[in-house]
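>>> the sequence and its predicted three-dimensional model are supplied below.
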Amino acid sequence: MNITATPKKNLVLVSGRAHPALAEAVAKELGTELVSTDAKTFSNGEIYARYGESVRGSDVFVIQAHTEPINEWVMEQLIMVDALKRASAKRITVVAPFYPYARQDKKGRGREPISARLMADLFKAAGADRIMSVDLHAAQIQGFFDGPVDHLFAMPVLLEHFKSQLDPETLTVVSPDMGRVRVADIWSDKLGAPLAIIHKRRDPKIHNDVSIHEIVGDVEGRVCLLVDDMIDTGRTIAKAAQALKDAGAISVIVAATHAVFSEPASTVLQSDFIDEVVVTDTLPLDVSKHWDRLRILPIAPLLARAIKEVFEDGSVTSMFDGAA
């Protein structure tokens, strides 16, 4: 007797505890609900996770924000992936809007780790089939994972906000360093504005410290849009904004995808040299770190559309119109 199974696809969303509001927003965009997860941390720090319903044969997306304490949230996501693998999920996608340890993508000096590669290896060992992330710090991270990596770009979300507010006749897009020139150049094309570059020098022995050397491009009498992938302590951006104002810029607006905002970022970014900061909510941001000139844009619609494309075997690339 032959047994014929009727093929069916089942999309399942699960969330870690780091940023449940984002996962709930993604689920709402998709018209579904998160599968309940019994996640807890024992008194000795060990993490436990169990799902409230069957995930057998499902296409599962595990959403986790890698914010402080980042190591705990990385471990929780790994354990959640392992639980899914052992529960016979058909395909497991790690959704990490802010990829953990992304800045450690190469060896700058001898005897240093490449921790971004280690993260990819850990996700693979846990049982992940695919990784989805937004605005990787370095595009080469895509090659660290042995499987598909969906590299999403927050640029369309941010551009939609700025196109109605900024006049390209008076606007200059500014790259905060040489490493972000390619991205800033795309911003420049999309907004029809000239590009300027800040040349900075960083001491590899001192983290989160930078000295500004010179500005390449005309910023005098211009509205400057500083674009970056993340803001950590805010000191680099604040120094760049000061250099732009000293060079004659009439206004400095900062746009970044990931609001890491390690202390004292929320204080530093309220500098008189910065007129507005616009970020997305890839990471949770406590209300105590909000201020009047901060604007937070939702990333959930972008994530939801990408998840839908992956689930339906569509094209994630088509979402970005070849923009990046």
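Structure's in. What do you need?
>>> how is this structure partitioned into domains?
11-153+301-319, 155-298 (automatic domain parsing).
>>> pick out the shakiest of these, pLDDT-wise.
Among the domains of the chain, domain 155-298 carries the lowest mean pLDDT, a mean of 93.
>>> quick check: end-to-end length of that one?
Across its full length, domain 155-298 reaches 12 Å between end residues, using Cα to Cα, to the nearest Å.
>>> would you map the helices across the chain?
Taking DSSP state H to define them, one finds helices in the chain at 20-30, 70-86, 115-126, 155-163, 181-191, 235-246, 265-268, 300-311.
>>> turn those into a markdown table, columns for mean neighbour count.
For glycine as for every other residue, the C-beta is placed from the backbone atoms N, C-alpha and C. Below are the helices of the chain laid out as a markdown table (neighbours: other Cβ atoms under 10 Å):
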| stretch | mean neighbour count |
| --- | --- |
| helix 20-30 | 19 |
| helix 70-86 | 20 |
| helix 115-126 | 18 |
| helix 155-163 | 16 |
| helix 181-191 | 17 |
| helix 235-246 | 22 |
| helix 265-268 | 18 |
| helix 300-311 | 20 |
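>>> out of the ones you listed, flag the one nearest Val149.
Ranking those by proximity to Val149 (Cβ to Cβ) places helix 115-126 first, at 8.4 Å.
>>> outside of that closest one, which residues touch it?
Counting by Cβ atoms under 8 Å, 6 or more residues apart in numbering, helix 115-126 makes contact with 74, 77-79, 81-82, 85, 94, 99-105, 131, 137-138, 141, 144-147, all of which sit outside it.
>>> mind listing what Gly52 touches?
Gly52 sits next to Val35, Ser36, Thr37, Asp38 when contact means Cβ under 8 Å, 6+ apart.
>>> isn't the last one right next to Ile79, touching?
Meaning Asp38. No. With the criterion set as Cβ atoms under 8 Å, Asp38 and Ile79 do not qualify as a contacting pair; they are 12.0 Å apart.
>>> show me whatever sits in contact with both of the two.
Counting by Cβ under 8 Å, 6+ apart, the common neighbours of Asp38 and Ile79 are Tyr48, Ala49.
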